[in-house]
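Q: need a structure here:
(one chain, ligands or ions: 1)
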Amino acid sequence: MSNENKTIHEFDFNLICEYFSNVERQGPGSPEATLKALSFIDNLADNSRIADLGCGTGGQTMILAENAPGQITGLDLFPEFINIFSRNTKQSDLSDRVKGVVGSMDDLPFGKESLDLIWSEGAIANIGFKKGLNYWNGFLKKDGYVALTYESWFTDDRPAEIEKFWLDAVPEMNTISHNISVLQKAGYRLVAAFTLPETCWTEHYFSPCSKIQDEFLKKHTGSKTAEELIAGQRHEKVLYDKYKEFYGYVFYIGKKI
Ligand code: SAH
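A: Next up, the predicted model:
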């Protein structure tokens with residue numbers, strides 16, 4: 001199948017990867033939100049083992065590493081993201097405590113009950129919220145923590161346009177109360193849940209992305225796939241502006257029972 005015939009879901013991963021390699025974060029979030037979530041975690045020491053799953057190029061991993069003790073492994077499916085991740089750790093002198101590995105969140109290279117903390121921002125939807133929480137539980141020590149952000153509905157009902165958009169992307173997307181009950185059923189005690197402020201989307205995600213879009217289109221002049229990718233990105237921002245009171249990312253922090 002030629003590129004021209006691909007749907008938005010079948011995009012050339014290399015192109016997506018190249019696009020997102022140009023920004024510090026590959027999803028909504030902020031250093032402040034990462035630090036707020038970290039403030040609920042009280043079990044860390046120099047010998048702690050931490051995993052950051054779906055770490056991307058490591059924006060939030062570096063914040064974690066600068067503010068928490070222990071050994072941190074960032075894991076992502078895309079080798080190019082891990083290359084950038086490793087370059088960043090070297091530059092910031094964190095390479096003795098932080099390493100990046102290529103792998104999948106649903107096939108983890110860690111020992112059973114070996115981790116003190118599993119971190120994951122904007123990534124669990126790729127394997128499923130319920131599936132991920134249940135599977136990851138086995139890798140945590142007793143009393144270990146999970147801290148993750150996940151797309152969530154803020155209301156029980158919402159306009160059809162935005163519901164369709166998100167259910168296409170995240171079929172399991174649900175309300176905060178439902179998600180908390182999924183977390184509890186997966187063997188965690190709820191420690192905290194808080195909504196990411198709008199600036200995590202606007203200032204820290206859409207705005208840096210907007211800045212690189214024209215350049216990206218110029219570089220890929222004539223590529224329909226690139227045009228569709230950017231059109232999709234811009235559409236997501238338009239929808240966010242229109243419907244932001246109905247959904248967002250929520251940080252869920254749980255402690256393994
Ligand atoms: N945590 C980063 C990146 C979020 S984007 C941030 O908040 O900025 C989601 C990330 O999940 C991408 O880097 C993508 O490559 C990664 N990903 C998608 N499916 C994955 C899987 N099955 N295993 C590991 N990583 C995956």
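
Q: Mind giving me the packing neighbours of the longest strand along the chain?
A: Using DSSP state E, we find that the single longest strand of the chain is strand 140-153. When contacts are defined as 3 or more C-beta pairs under 8 Å, 6 or more residues apart in numbering; DSSP states H and E, strand 140-153 sits against helix 31-38, strand 115-120, helix 129-137, strand 174-175, helix 176-185, strand 188-195, strand 247-256. (Each C-beta comes from the backbone N, C-alpha and C, glycine too.)

Q: mean confidence score for the first one?
A: This points to helix 31-38. For helix 31-38, mean pLDDT is 98.

Q: Check the helices and strands packed on strand 140-153 for me and report the most buried one.
A: Each of the helices and strands packed on strand 140-153 was scored by mean neighbour count; the highest is strand 115-120, a mean of 25, by mean count of other C-beta atoms under 10 Å.

Q: Describe which strands it pairs with in its sheet and in which direction.
A: Strand 115-120 pairs in its sheet with strand 49-53 (parallel), strand 140-153 (parallel), by DSSP bridges.

Q: of all those, which lies closest to the ligand?
A: strand 49-53 (6.3 Å; C-beta to the nearest ligand atom).

Q: Is any residue of stretch 141-153 near the ligand?
A: No. Judged by C-beta under 6 Å from any ligand atom, stretch 141-153 stays clear of the ligand, getting no closer than 7.3 Å.

Q: How many neighbouring residues does the residue in the stretch 151-257 of the chain that the ligand sits nearest to have?
A: Residue of the stretch 151-257 of the chain nearest the ligand, by C-beta to the nearest ligand atom: residue 205 (8.3 Å). Neighbour count for residue 205, taken as other C-beta atoms under 10 Å: 25.

Q: Name the nearest residue to it, sequence neighbours excluded.
A: residue 28 (4.4 Å; C-beta to C-beta, 6 or more residues apart in numbering).

Q: In contact with that neighbour: list those residues for me.
A: 122, 149, 196, 200-201, 204-205, 248-249 (C-beta atoms under 8 Å, 6 or more residues apart in numbering).

Q: Make sure it is indeed in a helix.
A: No. Membership of residue 28 in a helix is not supported by DSSP: H, G, I helix; E, B strand; the rest coil, which gives coil.

Q: Look up phi and psi at it.
A: When read as degrees, to the nearest 10, the backbone of residue 28 gives phi -60, psi 140.

Q: Close to the ligand: what parts of the stretch 1-150 of the chain are there?
A: Residues of the stretch 1-150 of the chain lying near the ligand by C-beta under 6 Å from any ligand atom: 25-27, 29, 54-56, 59-60, 75-78, 81, 104-106, 121-123, 126-127.

Q: thinking again about what came up before, any chance of the strands paired with strand 115-120 in CSV, with distance to residue 230, mean pLDDT and mean neighbour count too?
A: Shown next, in CSV, are the strands paired with strand 115-120 (distance: least, C-beta to C-beta, whole Å; pLDDT from 0 to 100; neighbours: other C-beta atoms under 10 Å):
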stretch, distance to residue 230, mean pLDDT, mean neighbour count
strand 49-53, 27, 98, 25
strand 140-153, 21, 98, 22
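
Q: just to revisit the earlier point, could the helices and strands packed on strand 140-153 go into CSV alongside distance to residue 99?
A: Listed next are the helices and strands packed on strand 140-153 as CSV, based on distance: least, C-beta to C-beta, whole Å:
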stretch, distance to residue 99
helix 31-38, 19
strand 115-120, 14
helix 129-137, 19
strand 174-175, 34
helix 176-185, 28
strand 188-195, 26
strand 247-256, 24
